[in-house]
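S.K.: this is a predicted model, with the sequence first.
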Amino acid sequence: MGNRRIGSFARTNVKMGDAKMIVGRQLEGSHYNTQRAKGSGRKWQQGRERFAGMERHQKHENRQGHGFAAHRDFRRQEAQRHPQSQQELKVHKDIIVLGEEPDDKAQEKQERYFGKVVIACDVGATKILAAAFTPSGKIVRQLGLGTPKKSKKLLLDAIASTIDRLGYKKTIGIGVCVPGFVKDGIVYGLPNIGIAERFDFAAELGRLIGKKVEVENDSKCFAIAESRMGAGKGVGDMIAVNFGTGIGGGVIIGSRLYRGSNNMAGEFGHMKMTLGGPACGCGGEGCFERYASGSGIVGRFADAAQAGAQTSLFWETATAAQILESQDQVAVSVSRNAARIAGRGVASLANAFNPKLIVVGGPVAQAYQGKYKKEFDEGFAAGAIPVVKNTPIALSRLEHPSLVGAMLIASQPQQKSRD
């Protein structure tokens, strides 16, 4: 193999499994060719030993799922997104180019790109999604797992296992968002997961994984993410509404999350839409989320089918996504009504807070801003007072906003305490 000078670096190709690691040596004076390198005796032997050690390290890291091969793909994507930022680590096709540095700097670089990550975990009603983020907010690796129901122990064990399987021991912070009431790390029940008890979620999970954990309500994380990195970035006063299995959100005032006296602000799903009405997991009746959330749509579809409405869907097993996507007459009728109620509920929030922007997100919101946008807009127009009728409504553009919010509270806990 020959050497080729690039700027002040000579490059020596070394095959290492599926990746090629090119270690440069800064030259002083003339160019070195391969024959002179081979003839340098002791230095050449030291180089071979160094390469062999790196190969062993690569095999170990690849077994852990975050070695050179995985990192190469990540850095290649980074290079395409930010070509101007490749001064420290140059990427050309499938080759990683590193300059020779003192051991302490080399170790610092390794920790920066392989070790120091922020772990975030989004605990949903049906699945747990965990991811490792770089400090700048890029996902390095993510894993998913089904959510255990009705057992605090099984839930905490599943979260700890998912975080452990990511394979990162050195972390900047760990953040978890959950679909329930949270204050100071204590969770006051997780009704959508079938857990009614109050327990110190942050402390118990922290003991399992041996690290400090930041815990927050998933909809508040959604609002934080949209305010700092999403559709509401740069907007000081906004409302974020998350339409998922339930309905939640957050109020951003002066670019900070308003939490209320007990950190319970933003529980939009429990606004009462009518006297009486369907029973809710909160213990009340007629809540907003019993009509316009995913579980609410499923419930109202089941009510219609049990009342005798003829439908081509199996109402016992139909999901919200199936109902919203279906052309079945009963499913369309239920979906239209849910969209109108969703619009009215969001209008009530606009009346109360007069925000500059409303961001809606979650799987159900996709339908409210797509297939059933007409009905949603009709509901909003009917419910909004004149001064707020023209409030902009934007659909979330983050892929996993609650997960991003969990990352933000873990990497910037001081900001969480000031919100």
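M.R.: Here it is on my side, so go on.
S.K.: point out where this structure drops to low pLDDT.
M.R.: 1-115, 413-419 (pLDDT under 70).
S.K.: domain ranges for it?
M.R.: 4-114, 116-221+403-418, 231-397 (automatic domain parsing).
S.K.: got CSV for those, with mean neighbour count too?
M.R.: Any C-beta I mention is one placed from the backbone N, CA and C, and that applies to glycine too. Shown next, in CSV, are the domains of the chain (neighbours: other Cβ atoms under 10 Å):
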stretch, mean neighbour count
domain 4-114, 14
domain 116-221+403-418, 19
domain 231-397, 19
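S.K.: the spatially closest residue to residue 182 that is not a sequence neighbour bridge partners, please.
M.R.: Sequence neighbours aside, residue 217 is the residue nearest to residue 182 in space, at 4.8 Å (criterion: Cβ to Cβ, 6 or more residues apart in numbering). Applying DSSP bridges to residue 217 gives these bridge partners: residue 178.
S.K.: wait, residue 217 touches residue 183, no?
M.R.: No. If you go by Cβ atoms under 8 Å, residue 217 and residue 183 don't touch, sitting 9.3 Å apart.
S.K.: now the common contact residues for those two.
M.R.: residue 263 (Cβ atoms under 8 Å, 6 or more residues apart in numbering).
S.K.: which helix in the protein runs the most residues?
M.R.: Determined from DSSP state H, the single longest helix within the chain is helix 329-353.
S.K.: and the contacts of the very next helix or strand once past that one?
M.R.: Next helix or strand after helix 329-353 toward the C-terminus (DSSP states H and E): strand 357-361. Residues outside strand 357-361 that contact it (Cβ under 8 Å, 6+ apart) are 222, 226, 230-232, 235, 237-243, 346, 349-350, 368-369, 391-396, 398, 401.
S.K.: if you set the cut-off to 6 Å instead, what comes out?
M.R.: Here strand 357-361 makes contact (Cβ atoms under 6 Å, 6 or more residues apart in numbering) with 226, 231-232, 235, 238-242, 391-394, 396, 401.
S.K.: which one among those residues gets closest to residue 132?
M.R.: residue 401 (17.5 Å; Cβ to Cβ).
S.K.: spatially nearest residue to the closest one (excluding sequence neighbours)?
M.R.: residue 225 (4.3 Å).
S.K.: quick check, residue 405 in a strand?
M.R.: No. Assignment of residue 405 by DSSP: H, G, I helix; E, B strand; the rest coil gives helix, placing it outside any strand.
S.K.: I'd like the distance between it and residue 223.
M.R.: Distance, residue 405 to residue 223, using Cβ to Cβ, to the nearest Å: 7 Å.
S.K.: wait, residue 364 sits on residue 243?
M.R.: Yes. In this structure residue 364 lies within contact range of residue 243 using Cβ atoms under 6 Å: 3.9 Å.
S.K.: quick one on the thing from earlier: show me which pair in the contacts of strand 357-361 is furthest apart.
M.R.: Pairwise distances across the contacts of strand 357-361 peak at 20.0 Å for 391 and 401 (criterion: Cβ to Cβ).
S.K.: helix or strand right after the helix or strand hosting residue 199?
M.R.: Using DSSP H and E, residue 199 maps to strand 195-200. Next along the chain after strand 195-200, taking DSSP H and E as the criterion, comes helix 201-209.
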